[in-house]
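In: my questions concern the predicted model and sequence given below.
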Amino acid sequence: MIGIVDYGLGNIQSVVNAVCFCGEYPCQVMDRPEDLLAASKLILPGVGAFGEAMDHILSRELDIGIRAVAKKGVPILGICLGMQLLATRSREFGLTRGLDLIPGEILPLEEEERRVRIPHMGWNNVIHEADDPLFQSIGSGADFYFAHSFHFSPKDIGHGIAVTDYGGRFYSAVRKDKIFGVQFHPEKSQEAGLQLIKNFLEKVAGC
């Protein structure tokens, strides 16, 4: 069962549609911690503010379910804000603790420092830094769709598996064991994005 976490924020239906487009995968939107334990793979989508998202997750005790699933070795894919929630903490509107599944911080893309317009919106290249099942059959430098003002700074740079340049490089994909995060929206990224979702469903080994 492919579980898609619903904590009250995010583009749930577009992720469901993308999973269904990739093949005949049993898929369920899950909003209770006990439901997550039935998932063979878990997708954590999201758009919006980090602090509000964590408030929703904590109020529904979904953090307990997500951590339990991660401990079992179930593959997890965080998308956009969902990727950021995997971090230890975020500096968006103060300091907020995250799920701490991939050690690191969420930091702002500084407009003056990068000399680019923030938020980062639209298509941009994703460059693979490692041979990873998530990017199989996707050329390094392929375009994906972004919409964000903050980025993931991993504590261990070995957890970075792809980078993107927007007035300076940032990690656009991270991984620790079977936990993955992508800053872009694969469900909005046409052929390359659907291939990435298919890779997560088919190429990433489960528990």
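Out: Now that the structure is in, tell me what you want to look at. Residues are numbered from 1 along each chain as shown.
In: could you use CA atoms for every contact and neighbour count after this?
Out: Fine.
In: OK, contacts around the closest residue to residue 167 other than its chain neighbours?
Out: Take residue 167 and drop its neighbours on the chain: the residue closest to it by Cα to Cα, 6 or more residues apart in numbering is residue 114, 4.5 Å away. Contact analysis of residue 114 by Cα atoms under 8 Å, 6 or more residues apart in numbering lists 166, 167, 168.
In: out of those, which is nearest to residue 38?
Out: Among the contacts of residue 114, residue 166 lies closest to residue 38 (Cα to Cα), at 38.8 Å.
In: I'd like to know how many residues surround the closest one.
Out: By the criterion of other Cα atoms under 10 Å, residue 166 has 16 neighbours.
In: ok, then the element right after the worst-scoring helix or strand of the chain on mean pLDDT?
Out: Lowest by mean pLDDT, DSSP states H and E among the helices and strands of the chain is helix 111-114, with a mean of 80. Sequence order places strand 120-128 as the next helix or strand after helix 111-114, per DSSP states H and E.
In: buried ones in that following strand?
Out: 120, 124, 125, 126, 127, 128 (16 or more other Cα atoms under 10 Å).
In: who touches that strand?
Out: 135, 140-149, 161-166, 172.
In: just the buried ones out of those residues, please.
Out: For these, buried by 16+ other Cα under 10 Å: 135, 140, 142-149, 161-164, 166, 172.
In: out of these, flag the one nearest to residue 62.
Out: Using Cα to Cα, the buried ones among the contacts of strand 120-128 come closest to residue 62 at residue 148, 23.6 Å.
In: list the contacts for that closest one?
Out: Neighbouring residues of residue 148 by Cα under 8 Å, 6+ apart: 80, 118, 119, 120, 121, 183.
In: nearest to residue 71 among the buried residues of strand 120-128?
Out: Within those, proximity to residue 71 (Cα to Cα) peaks at residue 128, which comes in at 26.9 Å.
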